Structures are given as structure tokens and as C-alpha cells.
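**Student:** Fold the following and give me the result.
(one chain, ligands or ions: 2)
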Amino acid sequence: MIDIVALQFVAGAGGRGRVSFCRSKYILKGGPDGGTGGSGGSIILRAERSQSTLKRYSGIKTISAESGKDGGAKNCTGASAKDIIVSVPVGTNVWQISENKVAQRRRLANGLRKKNSSKAVEREAFVLEREGAAIPVREPDVAEVPKHLTTKVLADVSLATSGYKLIASLAESGQEIVICQGGFGGRGNEQFKSSRETTPLRAEYGTPGEERWLVLEQQLLADIGLIGLPNVGKSTLLSVLTQATPAIGSYPFTTLEPQLGVLSQDDQSQEVVVADIPGLIAGASKGKGLGFSFLRHVRHCRGLVFVLSVPDEFLIRSVSEQITALHEQFLLIRKELSAYDVSLTEKKMVVCITKRDLYSPELLTALEKEVIAHQSPILVSAATHDGLQLLHQACLRLANY
Ligand SMILES: Nc1nc2c(ncn2[C@@H]2O[C@H](COP(=O)(O)OP(=O)(O)OP(=O)(O)O)[C@@H](O)[C@H]2O)c(=O)[nH]1
Ligand SMILES: [Mg+2]
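**Tutor:** Ligands and ions are numbered 1, 2, ... in the order given. As a prediction, the model looks like this:
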């Protein structure tokens, strides 16, 4: 699943205004007739339900819109370039790494929802020595190119702690932002004529297009996240709590991508979405196993369910060893969670111990008195459906908290 990409977005610059004078057979000294440049294309991000991942952008480095054409003689306005629409999945967050100066000015002035008016943009004029002389080159307005930016690097950092700025979240279908506005065309010399300046050799550059380096991060919009070690029974729980049909296997890392299911409710008053997050292991924060990149999907969850179960090889051991193993499992997940982003450990959570059908009566009795993270764990079995109702209610409470 491609759920994170880094890209450069470059809007088109405005076309330059033209310096020219009317020349024709019967008019010897015609007035100025340099046209205005066309505007550059903007780039618009739009959230669409039809997009399920960011895969289509994974091999791309830059998305750019075309620039406006320069103004022409005879008061011809240059052609404007088309806007580009970039469709992303609903639930995409937009993190900014760097931006050029025009981009910064608009972001600070009005956020990104709307375009700047042409009056709000600073313009720069040039003056030629004579008609037809070369137009002086001006300093380009570019955004700083980020270093060491690979998908692997991105996946392994929590963007919230990376120093990047979250500039937009597209949470609803159809939502749009003008992520990079195109430049405006510069005025031609016709517009600079006056009684004092009848032959202006002056026109304007087009204004630069906005440029941004961004990280697009797709977030599954789940209310509850199931987290735990590989093979503890997370996917099985999802399959019995919801209508989802995730792959289930008696080996670790059966689930390679987060899976979603909707908790059924009698009155159907509200949809509660549960996400099964692929198994975390010790050292996930150092990139082991699947790493902990999938934890980004739980950042917006209202609550977490820590799923624990006694590993098969412990089933023949003593009750106290089995209980210690459960406590260790809990601590390990918590440690990886806080290594990724400490704020995740502050979320509301419940502890669920599953596979209870496999446990000895002595272990079950002991577990009833056990306290993990200041709460009594919910004991369930996905196989016999024992305790599922309790877990279901706990999930609804977490979602409504
Ligand atoms: N007896 C019993 N077996 C269970 C129960 N829940 C899950 N299992 C078994 O445990 C194994 C692992 O289950 P999964 O649901 O795939 O575990 P997971 O946590 O999603 O594992 P990963 O996707 O690898 O992280 C499977 O063989 C399941 O059949 C349960 O309540 N009782
Ligand atoms: Mg699984």
C-alpha cells in the first residue's frame, strides 16, 4: 500500500508583458501596443472517493502546470495555461517541507483555500533600452530542495514530529485546495502609456508560480485501532466484530496492510470504523518487521484496543509465566508506540486478551483479577464469541469518548 509520497508541485508562471509599438505601412510612429501575458496554470488538490491509495504518485518527482504565454504585439494577450487537478484519496494530509516566496505570501495571507487576487501579488517591471532588446533575466523564485527524502525515510518518521508543517487535511470527498497558484501575466507597455510617457519601453514580468515540496500522507479514517504483536488474533477479532474479511493465518505477518471494518450497531445511529493494524514487534521503531509506519493510521483514532494473547509456546507453562508474558506484550507495544509518537500513548484505550478458549481454567481465574494499565482486561474468544459483546461495547464507548 502506497500511503505516503513526497513530491514537488510547481504552478505555472505568468507570461511576460510585451514591449512593442504599432508599425504599419501608413502609420509611421504608432503608439505602444504590447499585450499582457497569460496567467500560469494552478495546481488543485481534490479528495476523491474513487482514489484508494497514493500509488499513482509513487514514481513521480514533480507535478507542474504550464506557464502562461507572453503577451504579443498588437495588444494580443498571451494564452493562459490550464489548471491541473490532482486527485487524492479522502483522508490525505498535506505536509509542507518547503515553499517559494510567493507561496509563503499567500499561505500567510489567506491560507490555501482560495486564490490570491491579482492585486495582492507583487509585480516587477523591466525597462528595455530600445524596442526588441533582450529582456533582463530576473532571479527565479524557487523553493529549497529537501535532502535525504526517500519513501523509506518518510515511512519511518512520525510526520508530526518531523518539523514539517501540516498545511491541509482533505477529510471530505470533493474537498479542494489550491495547493499552488499559477502566476499572473505581466502588463504590456500599452498599459504604461500616459501623457508624460508616450513611448514606454517598460512592461512587467509575469509573477512566479507557487512552488512547494510536499509530503502527501494518506490516513485511513478509523475511529478505533486494533494494535498488537503479530499472530495475536487482531484480524480474527476484526472479522468477528465487523463484516470485514481480512486474511487470517497461523503465522506472523499475515496482515501486511491495515484493514478496515465497520462495527455494526443495532440502531445504526453512527458508523464506527475499526482498523486492524499490521503486527508490531520489538524494534519496529528501528524499522524491524514492517516497521511502525502503519501507526500513522492510528493517529486520528479516538481510541486504541491493545490486543494481547498468550503465545502458543507459553500455553504449557505455568500460570504466572503466562501472565508475565501478557504484561510484557503490553509493555512492548506501548514502548514502540511511544517511540513513534508519545501522544499516541495518551489516547483512550482498552486492553483485550483474546483466544480465551485456549486457556486453562486456572489462567482464566487468575486473569479475572489481573490489572493491566490500571484496568481489567476484556477477555474474549474470537473462536467461541465469548466476551465479544463486552469488547463491542467498549469499542463504542471509546469511539464516543
Ligand atoms: N483458538 C483461537 N484461535 C484464534 C483466536 N483468534 C485468532 N486465532 C488464531 O490465531 C492465528 C492468528 O490470527 P490472526 O487474526 O491472523 O492474527 P493477527 O494478529 O491478525 O496476525 P498478523 O496479521 O500476523 O499480525 C490464526 O491461526 C487464528 O485462527 C481465538 O479466539 N481462538
Ligand atoms: Mg492480521
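**Student:** and whichever helix in the chain runs longest with ligand 1, contact?
**Tutor:** Among the segments of the chain that qualify as a helix by DSSP state H, the longest is helix 319-340. No. Residues of helix 319-340 are not located near ligand 1 by Cβ under 6 Å from any ligand atom, the shortest gap being 11.5 Å. Every residue, glycine included, has its C-beta placed from N, CA and C.
**Student:** Equivalent analysis for stretch 374-386, please.
**Tutor:** Yes. With Cβ under 6 Å from any ligand atom as the measure, stretch 374-386 is seen reaching ligand 1 through 381, 382, 383.
**Student:** for residue 207, what are its contacts?
**Tutor:** Contact criterion Cβ atoms under 8 Å, 6 or more residues apart in numbering gives 13, 14, 102, 121, 122, 123, 124, 183, 184, 186 as the residues in contact with residue 207.
**Student:** Retrieve the pLDDT associated with it.
**Tutor:** Reported pLDDT at residue 207 in the predicted model: 95.
**Student:** Now it: closest residue in space that isn't a chain neighbour?
**Tutor:** Excluding the flanking residues, the one nearest residue 207 by Cβ to Cβ, 6 or more residues apart in numbering is residue 183, at 4.0 Å.
**Student:** Hmm, the one you found is touching residue 41, no?
**Tutor:** No. Taking contact to mean Cβ atoms under 8 Å, the distance of 9.6 Å between residue 183 and residue 41 leaves them out of contact.
**Student:** With neighbour numbers in mind, choose between those two.
**Tutor:** Looking at residue 183 and residue 41 with other Cβ atoms under 10 Å, you find the greater number of neighbours at residue 183, namely 30 against 25.
**Student:** quick one on the thing from earlier: residues shared between the contacts of residue 183 and residue 41?
**Tutor:** Contacts common to residue 183 and residue 41, judged by Cβ under 8 Å, 6+ apart, are 11, 12, 67, 68, 209.
**Student:** So which of the residues you listed is the closest to residue 316?
**Tutor:** For residue 316, the closest of those turns out to be residue 11, at 65.3 Å, with distances computed as Cβ to Cβ.
**Student:** Need the phi and psi values for the closest one.
**Tutor:** The phi/psi pair for residue 11 (degrees, to the nearest 10) reads phi -80, psi 160.
**Student:** these two touch, right, it and residue 209?
**Tutor:** Yes. In this structure, residue 11 sits in contact with residue 209. The criterion is Cβ under 8 Å, and the distance is 3.3 Å.
**Student:** Let me see the contact set for residue 259.
**Tutor:** Residues counted as contacts of residue 259 (Cβ under 8 Å, 6+ apart) are 235, 238, 244, 246, 275, 276.
**Student:** out of the shared contacts of residue 183 and residue 41, who has the most neighbours?
**Tutor:** With neighbours set by other Cβ under 10 Å, the maximum within the shared contacts of residue 183 and residue 41 is found at residue 11, which has 33 neighbours.
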